[in-house]
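Student: Sequence and predicted structure, then a few things I'm wondering about:
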Amino acid sequence: MEILCVAEKPSIARAISQILSGGQSTTRDSPNRFTKNYDFYYDELRAEITVTSVAGHLMESDFSDDYRRWESCDPADLFDAPIITAVRKDGGPIARNLEIEARGKNMLMIWTDCDREGEHIGSEVASVCRKTNARIEVKRARFNAIIPQQIHHAARHPVELDRRQSDAVEARIQLDLRLGAAFTRMQTKMLQNQVPDLQRKMISYGPCQFPTLGFVVSRYQQVQAFVPETFWYIYLSIMVDGEETDFTWRRGHLFDFPATLALYELCVESPEATIAQVTKKPTKKWRPLPLTTVELQKSASRLLRLTPKRILDIADDLYSKGFLSYPRTETDQFDPDFDFMTLIQKQTTDPAWGQFAQSLANGGFNAPRKGKKNDKAHPPIHPTAHVTNLVGDDKRVYEYVTRRFLASCSKDAEGQQTTVTVIVAGEEFNATGLTITQRNYLEVFTYDKWSDKQLPDFEQGQHFIPVVCEMREGQTSRPSLLTEADLVGLMDENGIGTDATIAQHIQTIIDREYVMTRQEDSMKYLVPSTLGIGLVEGYNKIGFDRSLSKPQLRRETEQRMVDICEGRSTKNDMLFQFIEQYREVFLRARAAFRQVVESVRDYLNGDGNVTEGGASSDGDDNDDFGGENGGRPPRGTRAPARGGNRGAGTRGRARGTTAPRTRGQPRGKGPSTKRRQDDDSDDENSRPPRGAGATAVSCRCDVPAVERTVVKETSNKGRKFWTCPNDPSCGFFEWADQASGGSASKTGASSRTIPAKRTHTVYARRCKCDLTAVSRTVVKEGPNRGRIFWTCPNSENARCTFFEWDDEQKEMSGPECPNGDQPTKRSRTAGTGTTRSSGRAGGRGRAKSTRGGTSRGSKRGKQWYE
DNA sequence: GCAAGGTC
């Protein structure tokens, strides 16, 4: 018996050989310098085995010669032009190796990654091997991790290749090619002919790159459309032993001047402040989760200020040198038998973090937290060797991964939080202090900040006359433009691209000059160019059901692929339907393309509707802004990096004010009175911190909600949410990017689609009213506190009884839901793949937050992607 | 000259 085993990449071939041969294989070179052939005898199967690999896809698809040249045909013909699939240009040596190695073998065993693309790559391998060995028996080894038990089991129990999955991928390949090529040729030609500035530009269209552009434009337009709203609040401070403590009004702020004034006057008339409560409770700041590709790109782009593409390139390079583990992974949990100690030991000699690593080795080790994602193919990203000779960005990326790994193996930081509640004329004010008791992981993970904030020793029942009691004015702040980290998050949530391609799509829209990056202070923002806005606006004007710049098209493609995988549809059915449908869309777009041309022309000439908008796409990416921002690009009034620039300094205490101000006018007006945001968002504490923005969203106490930012190392880190400013029992919680009243864009609480590289489970949670369910977090004290569930998006009165726990499979009879409703079965639409949490926009991660009552976001305004 | 998906 002779068996040829083929893995998806050289590293897996090596690992499999190592395990199956017990390290006793012999290695031969192949025609490709990266690919080796490993030979050994495998007792269990009584077989001579050769293990080799490909390097991803082996074939490529393109139109036949008659259609390949741009001038050769009408772009509309590309919807049914013949497509030729052949070994890719650079795949010759690998294909030759397979042809040679397949000769004389009895069996071909496919060891590609166990996902949809892996199944397709397997079918490519089979077709190449059959060229020289038509009778070879083709089998598929299924494994979830490169650990001996699994690999031996997979070798002994091979299954068949899953034809449906490779069919689904083939359909995707064809559709992307037809759609991309037809639209790219059409719009490039039309625009080149009609807009002189674009004569030499390629204006590409793609089902991933355009929605990516759509996100950037949409946020930009929200920023432009923002109208600040004035609010008022009462500010209080108390002096004890020469030390002044600021107190925050429990109502946050009100948009009603007379109401605020009335309350303020009461305070002024009876200014005595009584300490109503002093509570001390332990608090924690959680150590980071194990690192996924998307999280690496998001967090490192923010902390190291590199583009996601650059980070992935560096990580790839460090991987190829053996310094890091495979950097394309969705997994944020380590296998139980992962060998942490060997890796930690390797780091003990480092001058910067060696001592910390040693402390872990000496008993400080604590098993990392487990995230919710597991691609069953790769572990979280971690350092595989200790390296000292790196420089520049390589060094910084390596250091980030290493510190994060060590931090994840450590303990949460611990502290004591003090909350002081004071009452003045029936109005409640709070101050919060923090004493850190154990820094633990913070010692090594220097990117996280958490600082002590001392409060004087207040005691319940004490009375004070406030040193300052003022009515102040502030303004809601403009949302900020998207950062690359934000965009990676949006794409991930909407299923645009995969962990391996998200960065590339962002790079594409930058390369095409649809989007410019703009450095502002310490943050890099994405600004759509006039060309980018013109394109999106132009297509929007044509008014398709499914806008070409929105994520639905991709979502639909994914769903139809799942249908093929599940046997509800076939490749041919899908292709037929989509091709007919999108040929129609194409013809309509072409017929109405004048609108795109005019829109693009208008924006390029500065006559677009958002005339202050957009960077010029002529290559000058900085200074072509006009309008209200005074020649500057649109910018949020919020300072990008740390919480807010709204009236920084306006917390400007009225030093010297020794008594409450007398009644009457609010003190100060204009910009300088903007409320200073409590901007300790990076170091506040383990709770979603006060990142604090003001808004027109109200919480359930009908107090204006405040915006905060998740700082915990969860998949939601950096994400903004609205919550009640003071009272956790109020329970109001809403993600800012879901709230129409908030600052950010809606990120889709609807069904999450899983891109190609991912397991193909799609949830479309719909409530009994057939609306897209929204997720909430239990706030009520009890065993379920912090747990996420899904419910009807309607207001409390109109809400149906739909209820599902986020973390439970269907068929679960879960405990009683917070509203007393019983859980219902999850509307799970597919599921041969790994079950994963999806539709995460509403509440993944563990931002310990509160449950939303009436979601104003669900009632107000339009969901931007619909 | 076009897409998106693998991977070196």
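Tutor: On my side now, so go ahead. Please read all numbers here as calculations on a predicted model, not as lab measurements.

Student: Going by C-alpha atoms from here, please, whenever you check contacts or count neighbours.
Tutor: OK.

Student: A:Asp167 reaches A:Lys571, doesn't it?
Tutor: Yes - using CA atoms under 8 Å, A:Asp167 is in contact with A:Lys571, at 5.7 Å.

Student: Any chance you could list residues touching both of those two?
Tutor: With contacts defined as CA atoms under 8 Å, 6 or more residues apart in numbering, the residues shared by A:Asp167 and A:Lys571 are A:Ile564.

Student: Is it correct that A:Lys9 is in contact with A:Val54?
Tutor: Yes - look at A:Lys9 against A:Val54 with CA under 8 Å: they come within range, at 5.5 Å.

Student: neighbour-wise, which of these two wins?
Tutor: A:Val54 (27 against 19; other CA atoms under 10 Å).

Student: Low-confidence stretches in chain A?
Tutor: For chain A, the stretches flagged by pLDDT under 70 are A:144-145, A:376-377, A:545-546, A:608-801, A:805-866.

Student: Which helix in it has the most residues?
Tutor: For chain A, the helix with the greatest residue count under DSSP state H is helix A:163-194.

Student: For that helix, buried residues please.
Tutor: A:163-172, A:174-192 (16 or more other CA atoms under 10 Å).

Student: so which of those are also by DNA strand B?
Tutor: Contacts with DNA strand B within those, as defined by CA under 7 Å from any atom of the strand: A:Gln174, A:Asp176, A:Leu177, A:Leu179, A:Gly180, A:Ala181, A:Ala182, A:Thr184, A:Arg185, A:Thr188, A:Lys189.

Student: what's the burial count for the closest residue to DNA strand B within the stretch 401-550 of chain A?
Tutor: Nearest residue of the stretch 401-550 of chain A to DNA strand B (CA to the nearest atom of the strand) works out as A:Gly497 at 3.4 Å. Residues near A:Gly497, counting by other CA under 10 Å, number 24.

Student: Also A:Val216?
Tutor: A:Val216, neighbours per other CA under 10 Å, totals 27.

Student: isn't it right next to A:Leu526, touching?
Tutor: Yes - with contact defined as CA under 8 Å, A:Val216 counts as touching A:Leu526 (6.7 Å).

Student: Need the residues touching each of those two.
Tutor: A:Leu481, A:Leu482, A:Val515.

Student: Mark which of the residues you listed are part of strands, please.
Tutor: A:Val515 (DSSP state E).

Student: show me where the stretch 351-500 of chain A has strands.
Tutor: A:413-424, A:427-438, A:463-464, A:468-475 (DSSP state E, counting those that start in this stretch).

Student: So which of those strands is the most surrounded?
Tutor: The highest mean neighbour count among the strands of the stretch 351-500 of chain A, using mean count of other CA atoms under 10 Å, belongs to strand A:468-475: a mean of 26.

Student: What angle do strand A:413-424 and that strand make with each other?
Tutor: Put simply, strand A:468-475 runs at 110 degrees to strand A:413-424, going by axes from the mean of the first three to the mean of the last three CA atoms, to 10 degrees.

Student: pull the CA atoms of strand A:468-475 into PDB?
Tutor: Extracted in PDB, the C-alpha atoms of strand A:468-475 (Å, rounded to 0.1, in the frame of the first residue of the first chain):
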ATOM      1  CA  VAL A 468     -18.100  74.400  43.600                       C
ATOM      2  CA  CYS A 469     -21.700  73.900  42.500                       C
ATOM      3  CA  GLU A 470     -22.300  75.100  39.000                       C
ATOM      4  CA  MET A 471     -24.600  74.700  36.200                       C
ATOM      5  CA  ARG A 472     -22.500  74.100  33.100                       C
ATOM      6  CA  GLU A 473     -23.100  73.700  29.400                       C
ATOM      7  CA  GLY A 474     -21.800  71.200  27.000                       C
ATOM      8  CA  GLN A 475     -22.400  70.000  23.500                       C
END
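
Student: Partner strands of it and their direction?
Tutor: Its sheet considered, strand A:468-475 pairs with strand A:230-240 (antiparallel) by DSSP bridges.

Student: ok, residues contacting the strand it pairs with?
Tutor: Where contact means CA under 8 Å, 6+ apart, the residues beyond strand A:230-240 that reach it are A:244-249, A:251-257, A:260, A:264, A:429, A:456, A:464-476.

Student: So which other helices or strands are in contact with the next helix or strand along the chain from that strand?
Tutor: Using DSSP states H and E, the helix or strand that follows strand A:230-240 in sequence is strand A:243-249. Under the contact definition 3 or more CA pairs under 8 Å, 6 or more residues apart in numbering; DSSP states H and E, strand A:243-249 sits against strand A:230-240, strand A:427-438.

Student: go with 10 Å
Tutor: strand A:230-240, strand A:413-424, strand A:427-438, strand A:468-475 (3 or more CA pairs under 10 Å, 6 or more residues apart in numbering; DSSP states H and E).

Student: Get me the contact residues on the stretch 501-650 of chain A for DNA strand B.
Tutor: Near DNA strand B, when you scan the stretch 501-650 of chain A using CA under 7 Å from any atom of the strand, you find A:Thr501, A:Ile502, A:His505.

Student: do you know how far the last one is from A:Thr212?
Tutor: To tie it back to what came earlier, the one meant is A:His505. Computed as CA to CA, to the nearest Å, the A:His505 to A:Thr212 distance reads 7 Å.

Student: Buried ones in the strand or helix carrying A:Val138, by neighbour count?
Tutor: Here A:Val138 is covered by strand A:137-140, with elements defined by DSSP H and E. By 16+ other CA under 10 Å, the buried positions in strand A:137-140 come out as A:Val138, A:Lys139, A:Arg140.

Student: Can you classify A:Asp39 as helix, strand or coil?
Tutor: Using DSSP: H, G, I helix; E, B strand; the rest coil, the structure places A:Asp39 in strand.
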